[in-house]
Each structure stands twice: as C-alpha cells, then as structure tokens.
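1. Show me the folded form of this:
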Amino acid sequence: MIQTPASATHHHHVSEAGRGCHLVDHEAKRQLASCSDEDDLVRLQEELVDRYGKLPDAGKALIDTHRLRLLAEPLGVKKIDASGDAIAITFVPEPSFDTARLIALMQRSRTMRLAGPNRLRIDEKTPTLEARLGRLREVLRALR
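-> Have a look, this model is predicted:
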C-alpha cells in the first residue's frame, strides 16, 4: 500500500475545465488493479487519454503511483508512507531481495536508517509527489 498526502491523489472526480471530461476515481482504480505489468499500464494510460483527453495531474499521479507499486511488490514491500519530510518503506519479514543491498544503501546515505526490523526510514525533503516517487524509484531499483 502506498500512502501519500490526500491532496496529491484523492479526488472523487477529477475534471479539466473546458473539456467537460471527468475521470471517476473508482473506475480508474478498478482498471489499474487489473494492470500487472508496465505494458498493461501503458495500454491503460493510452486508453484513458483516448477516452478523456490529456490526463489531469491527479490521473497521472494515480498511474505513477501504480507504476511504483509494480516495482515495489516483487521486492516484498508491504507499505510505503511518503510525505514532504520523510519516506518510510515497510517490508515483509523476509523480503525477496538481498538485504546486504539495503545495508550498503544505508551506509552510503546519511538520510536512511532502520526504524524497526522491517522498516526503512528516509529523512529527506521531497516537496512534490514527483520528487517522492522519483526518490522511491531510486531506492527500489537499488534493491533489485
């Protein structure tokens, strides 16, 4: 589960003025749930653009967040909490990656530390959703 501030991704309806398009949050989430890889996600994004036109920021955020989920789940990530001040990644008790990679990553960074047996905390300023997602992608790719 990926948690971000509600204002970044939670909208009952997302609309673009002048176009009259509405992207209903629950429909997009339902379709996203059926995406199991990057190809599925690209097809869904193309379908949404064809149907509604240019995606509003909240629609892009939903897709980007799901893209991160596709990267995180195979590594054994149970939960991600991300705010502008810190990121916390909770792993399952026995994640699928070599934990030596996590230790090496923490040794190279002054902002990372363990916050319990299965939780990595990153104390960095990431003021935007894009910055948080980018930092999370870097960390998760380093663990693969």
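2. how many other residues sit next to residue 32?
-> For residue 32, the neighbour count with other CB atoms under 10 Å is 19. Quick note: C-beta positions are derived from backbone N, CA and C, even for glycine.
3. Over to residue 63?
-> Counted with other CB under 10 Å, the burial measure for residue 63 works out to 18 neighbours.
4. Also the one 4 residues further on?
-> Neighbour count for residue 67, taken as other CB under 10 Å: 18.
5. What confidence value was assigned to the residue nearest to it when sequence neighbours are not counted?
-> If the residues on either side of it in the chain are set aside, residue 67 comes closest to residue 41, at 6.0 Å by CB to CB, 6 or more residues apart in numbering. Reading off the per-residue confidence, residue 41 sits at a pLDDT of 92.
6. do the same with residue 2
-> In this prediction residue 2 is given a pLDDT of 59.
7. Within the helices and strands, which one has the residue nearest to residue 67?
-> Here residue 41, judged by DSSP states H and E, is contained in helix 38-52.
8. Give the buried residues for that helix.
-> Buried residues in helix 38-52, counting neighbours by 16 or more other CB atoms under 10 Å, are found at 41, 44, 45, 48, 52.
9. Also stretch 56-63?
-> Within stretch 56-63, the residues that qualify as buried by neighbour count (16+ other CB under 10 Å) are 56, 58, 59, 60, 61, 62, 63.
10. For the fourth one, list the residues it contacts.
-> Read it as residue 60. With contacts defined as CB atoms under 8 Å, 6 or more residues apart in numbering, residue 60 is in contact with no residue.
11. can you confirm it is in a strand?
-> No: under the criterion used here (DSSP: H, G, I helix; E, B strand; the rest coil), residue 60 is helix, not part of a strand.
12. Kindly provide the distance from it to residue 30.
-> In this structure, residue 60 lies at 18 Å from residue 30, with CB to CB, to the nearest Å as the measure.
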